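> starting from these lines, generate the structure:
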Amino acid sequence: MYGTVNELAARLLRDYPADEMLTLIIWSREDVRDFVADLMLTEEEAGRILADIDNLHETHECGVGEVTVRIMAENMREEARALRDVTVPAHALENVVRLAAEFLRMAEIECGEGAAKRLYEQGPDAVAKIRRALEG
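Numbering: from 1, shown residues only. Model prediction:
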């Protein structure tokens with residue numbers, strides 16, 4: 001379960017008799033941050049991990065531990081890195097695109113027509129997209 005204290009209390013009272021004995025393991029943002037203190041998670045990152053723990057149905061029987069939280073934090077940060085915008089001089093990007101295009105051309109020569117697309121599925125499209133951006 002994930003939610004505010006009031007939401008969780010209401011769900012517990014709805015789903016279980018008031019005298020039912022239960023054991024709950026509670027996670028807070030602070031617990032998440034303390035568990036992987038070396039990663040220095042922000043409040044927002046800890047909150048996102050806290051919400052994501054609710055979706056880890058396969059771990060509910062075994063529990064969530066440091067390894068799970070660490071992997072979740074690293075995956076979240078990797079996703080953010082992959083989606084970030086970067087700024088590079090156009091001439092540097094033109095050089096990289098020229099090298100990539102040459103590499104793909106050599107793959108076509110060595111391995112036959114369609115090899116670049118077959119071997120490097122997103123490569124030709126990525127090179128074309130960057131070229132269009134540089135021309136625009």
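
> longest helix of this structure, counting residues only.
With DSSP state H setting the assignment, residue counts place helix 90-111 as the longest helix in the chain.

> need the residues that contact the helix or strand just after it.
Once helix 90-111 ends, the next helix or strand along the chain (criterion: DSSP states H and E) is helix 115-119. Contacts of helix 115-119 from elsewhere in the structure, counted by C-beta atoms under 8 Å, 6 or more residues apart in numbering, are L104, R105, A107, E108, C111, G123, P124. All C-beta spots, glycine's among them, are computed from the backbone N, C-alpha and C.

> same check on stretch 125-132?
Residues beyond stretch 125-132 that count as contacts (C-beta under 8 Å, 6+ apart) turn out to be L93, V97, A100, A101, L104.

> tell me the domain ranges of this structure?
5-83, 90-135 (automatic domain parsing).

> can you put these in CSV and add mean pLDDT and mean neighbour count?
Listed next are the domains of the chain as CSV, based on pLDDT from 0 to 100; neighbours: other C-beta atoms under 10 Å:
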stretch, mean pLDDT, mean neighbour count
domain 5-83, 90, 12
domain 90-135, 91, 13
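
> which strand or helix spans Y2?
For Y2, no secondary-structure element claims it when assigned by DSSP H and E, so it is in no helix or strand.

> how near is it to L56?
As judged by C-beta to C-beta, to the nearest Å, Y2 and L56 stand 11 Å apart.

> whichever strand or helix holds K129 vs helix 90-111, what angle?
Using DSSP H and E, the element containing K129 is helix 123-135. Helix 123-135 runs at 150 degrees relative to helix 90-111, counting by axes from the mean of the first three to the mean of the last three C-alpha atoms, to 10 degrees.

> can you show me the CA trace of helix 123-135 as CSV?
As requested, the backbone C-alpha atoms of helix 123-135 are provided in CSV (Å, rounded to 0.1, in the frame of the first residue of the first chain):
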residue,chain,number,x,y,z
GLY,A,123,22.0,3.9,-35.9
PRO,A,124,21.0,5.1,-39.4
ASP,A,125,17.9,6.8,-38.1
ALA,A,126,19.8,8.5,-35.3
VAL,A,127,22.5,9.8,-37.7
ALA,A,128,19.8,11.1,-40.1
LYS,A,129,17.9,12.8,-37.2
ILE,A,130,21.1,14.6,-36.0
ARG,A,131,22.0,15.7,-39.5
ARG,A,132,18.5,17.2,-40.0
ALA,A,133,18.9,19.0,-36.7
LEU,A,134,22.3,20.4,-37.7
GLU,A,135,20.9,21.6,-41.0
